[in-house]
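Chemist: I'll drop the sequence and a predicted model, then ask my questions.
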Amino acid sequence: MRILLINPPHPSIGSRIPREQLPPLGLLSVGGPLLDAGHEVRLLDAEFGPLSIAEIVRQAVDFAPEALLLGHSGSTSGHPVVAELTRELRKALPAAWIVYGGVFPTYHWRDVLEQEPQVDVIVRGEGEETAPRLIAALQSGAPLEAIPGLAFRQGGRPYATPSAPVIRDLDANRIGWELIDHARYSYWGGLRAVVVQFSRGCPHPCNYCGQRGFWTRWRHRDPVKLAAEIARLHREHGVVVFNFADENPTASPRHWRAFLEALIAENVTVKLVGSTRADDIVRDAEILHLYKQAGVERWLMGMESYDEVTLKKIRKGGSTTKDRLAIQLLRRHGILSMATWVVGFDEETDRDYLRGLRQLLAYDPDQIQLLYATPHRWTPFYRMEAERRVIQTDVRRWDYKHQVLATRHMPPWRVLLWVKSIELIMQLRPRALARVLFMRDPEIRRAHRWYYRMGRRVWPHEILGFLFREPRTAEGPTVAEFWGPPQDAEEESMLPRPAASPSLCTIEPLPAADRRETVPAR
């Protein structure tokens, strides 16, 4: 079958860096198994440009696919673009199957199938095993009911098969690297780059995380195989920067150390950037020299809040003491630290923001990232925030970089003023500027300066967007009215282990009279 994978353009400034672009790992991970199944597969990465809807449709028509597979890592905020794009694709390619995957459609499959009639099938959860089974069934006309991890229409109503089991062996399905031209992708200041994963999921119970339940359980790749893949991409394609998409790659100290040692043994000069928990950095204090030897250049740590009460509320499980120590340990080993701080977990006051600034100054991270609390319907945090008011009803702005929830004590403009002031103070304080100008390690100094160049573009862009491009509502709906009832009972998108008889049940069974169609109705 002729299959076109489409990476739609994303509206968020955070996903588009001038003259730099990272490849869509999720689509490449699905593309590899489809290629190995004998299909003709092409990737259309519409982030380049970004391409207009009309241009995407034109290129899709030129390829004449039998199936279109779409997904985006910025899943919730990217959904409006996917909806608009698929409507136009349906007009231009009426006979092609339209398949949609990712975090947002995995949980909002009922809404998508009710509101977007042009979408034929939704892949729920991981796609590497489900997508080839789906394509084989579409080719042969076999019923889709027997395939776990799908949602489609039966009798005109949304219908879901049982959840698919998690993929236990993450090395069983290869990434379709041949679908991209590596020369087009760069990061970290023009260096050739890709996205990789050592692990999926996270063993920690943070109740606001929209990714933990999607992956269902923490699993990891073979450390030696991943190290060999990184070395091959470096030697054969000149890839230098490897951006880890993991939520928590260091969860298993034994396997993470095995990966670091295997990559060091490959004797390649690469740069690794990613994220982890401050607790794990403190735990690994004795092996941080291996981090540096392997090429770790920056580690983002989700600290989320300076307040111990808030950390307990969101079940973060960290502590301010370990957060500070982790930053000190990374600096001692010549590794950049980025601290994230999330505002909006509670309805803060001016005093709270001032205390947060003082705490960040005490932490003294190399870089910071301020984000806004964004409730997702499938997380326990959503239920806690269900009665708060929504001030941003444009779903394209639900990307953690825009304030979407009202706060009783402060108007949105004052929240923005605090956020932008904290960013400015943290990055222009004398100690931070001294590191940018006089850091001894030339590579770390270069990374510092790249980060500041990006900040000079993003900081004013977000202010201008708030003032002129992003209208808000003063009397918006509650979170529950805007998105619907909580779905935290469905938080785990896949089965932890294979089901005994997946065809015997469904999430939402239909009356017998409606069970007539065995393939999605157009």
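Modeler: Nice, thanks for sending it over.
Chemist: any low-confidence regions in the stretch 201-350 of the chain?
Modeler: Regions of the stretch 201-350 of the chain meeting the criterion pLDDT under 70 cover residues 304-318.
Chemist: at 50 what do you get?
Modeler: Under the criterion of pLDDT under 50, none of the stretch 201-350 of the chain is flagged as low confidence.
Chemist: now do the chain
Modeler: Under the criterion of pLDDT under 50, the regions of the chain flagged as low confidence span 15, 498-522.
Chemist: does Pro486 sit in a helix, a strand or a coil?
Modeler: Secondary structure state of Pro486, per DSSP: H, G, I helix; E, B strand; the rest coil, is coil.
Chemist: next: Val195.
Modeler: Local secondary structure at Val195 is given as strand here, using three-state DSSP.
Chemist: what residue lies at the spatial centre of the protein?
Modeler: Compute the mean C-alpha point of the chain, and by C-alpha atoms, centre = their mean the closest residue is Ser73, 4.6 Å away.
Chemist: from Glu286, how far out is that residue?
Modeler: Remark: distance between Ser73 and Glu286 (C-beta to C-beta, to the nearest Å) = 34 Å. All C-beta spots, glycine's among them, are computed from the backbone N, C-alpha and C.
Chemist: could you do Leu35 as well?
Modeler: 43 Å.
Chemist: so for the two, which sits in the more crowded spot?
Modeler: Just comparing Leu35 and Glu286: by other C-beta atoms under 10 Å the higher neighbour count belongs to Leu35, 17 against 7.
Chemist: name the residues of whatever helix or strand that one lives in that come out as buried.
Modeler: When secondary structure is defined using DSSP states H and E, the element that contains Leu35 is helix 25-36. Residues of helix 25-36 classed as buried under the neighbour-count rule (16 or more other C-beta atoms under 10 Å) are 25-35.
Chemist: what's next to that helix, contact-wise?
Modeler: Contacts with helix 25-36, where a contact means C-beta atoms under 8 Å, 6 or more residues apart in numbering, come from 3, 5-7, 41, 43, 69, 71, 73, 101-102, 127-129, 131-132, 135, 173-180, 194-197, 245.
Chemist: give me that answer again for 6 Å
Modeler: If you take C-beta atoms under 6 Å, 6 or more residues apart in numbering as the criterion, helix 25-36 is touched by 3, 5, 7, 41, 71, 127-128, 131-132, 173-176, 179, 195, 245.
Chemist: try stretch 46-54
Modeler: 7-9, 21, 56, 85, 88.
Chemist: how about stretch 330-343?
Modeler: The list of residues contacting stretch 330-343 from outside it, by C-beta under 6 Å, 6+ apart, reads 288, 292, 296, 298, 300-304, 327, 363, 365-373, 441.
Chemist: for stretch 274-291, same thing?
Modeler: Taking contacts as C-beta under 6 Å, 6+ apart, the residues outside stretch 274-291 that touch it are 244, 250, 257, 260, 299-301, 318, 322-323, 325-326, 329, 333.
Chemist: cool, and stretch 403-411?
Modeler: Contacts with stretch 403-411, where a contact means C-beta under 6 Å, 6+ apart, come from 344, 347, 349, 372, 374, 388-389, 391-392, 398, 412, 415.
Chemist: kindly report the same for stretch 435-442.
Modeler: When contacts are taken as C-beta under 6 Å, 6+ apart, the neighbours of stretch 435-442 outside the stretch itself are 334, 445, 448-449.
Chemist: any quick PyMOL command for the buried ones out of these?
Modeler: Here the buried members of the contacts of stretch 435-442 are turned into a PyMOL selection, burial being counted by 16+ other C-beta under 10 Å:
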select buried, resi 334+448
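Chemist: that older thread, so how far is Ala432 from the residue nearest to the centre of the chain?
Modeler: With the distance defined as C-beta to C-beta, Ser73 ends up 29 Å from Ala432.
Chemist: try Thr86
Modeler: Computed as C-beta to C-beta, the Thr86 to Ala432 distance reads 44 Å.
Chemist: check Ala67 too.
Modeler: Look at Ala67 and Ala432: by C-beta to C-beta, they are 50 Å apart.
Chemist: tell me which of these two has more neighbours.
Modeler: Looking at Ala67 and Ala432 with other C-beta under 10 Å, you find the greater number of neighbours at Ala67, namely 24 against 19.
Chemist: next one: phi and psi at that one?
Modeler: Backbone dihedrals for Ala67, given as degrees, to the nearest 10, come out at phi -140, psi 140.
Chemist: quick check: closest non-adjacent residue to it.
Modeler: By the measure of C-beta to C-beta, 6 or more residues apart in numbering, the closest residue to Ala67 outside its immediate chain neighbours is Trp97, 4.3 Å from it.
Chemist: mind listing what the one you found touches?
Modeler: Counted by C-beta under 6 Å, 6+ apart, Trp97 has contacts 67, 120, 138.
Chemist: cutoff 7 Å now
Modeler: When contacts are counted by C-beta atoms under 7 Å, 6 or more residues apart in numbering, Trp97 is found next to 66-68, 120-121, 138.
Chemist: swap in Thr473?
Modeler: If you count contacts by C-beta under 7 Å, 6+ apart, Thr473 has them with 391, 393.
Chemist: if we can go back for a sec, looking at the contacts of stretch 403-411, which are in strands?
Modeler: Tyr372 (DSSP state E).
Chemist: which one of the contacts of stretch 403-411 sits closest to Arg221?
Modeler: Thr374 (28.9 Å; C-beta to C-beta).
Chemist: return the residues in contact with the closest one.
Modeler: Thr374 sits next to 398, 400, 404 when contact means C-beta under 7 Å, 6+ apart.
Chemist: filter the contacts of stretch 330-343 down to just the buried residues.
Modeler: Members of those classed as buried by 16+ other C-beta under 10 Å are 288, 296, 298, 300-304, 327, 363, 365-373.
Chemist: among those, which are in strands?
Modeler: 296, 298, 300-304, 367-372.
Chemist: on that earlier part again, okay, the buried residues of helix 25-36 in a markdown table with distance to Arg217 next?
Modeler: Listed next are those as a markdown table, based on distance: C-beta to C-beta, whole Å:
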| residue | distance to Arg217 |
| --- | --- |
| Leu25 | 19 |
| Gly26 | 18 |
| Leu27 | 23 |
| Leu28 | 23 |
| Ser29 | 18 |
| Val30 | 20 |
| Gly31 | 24 |
| Gly32 | 22 |
| Pro33 | 21 |
| Leu34 | 25 |
| Leu35 | 27 |
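Chemist: re earlier: return the closest of the contacts of Thr374 with respect to Gln211.
Modeler: Relative to Gln211, and with distances defined as C-beta to C-beta, the nearest of the contacts of Thr374 is Tyr400, at 11.9 Å.
Chemist: how many neighbours does the closest one have?
Modeler: Using other C-beta under 10 Å, the number of residues around Tyr400 comes to 20.
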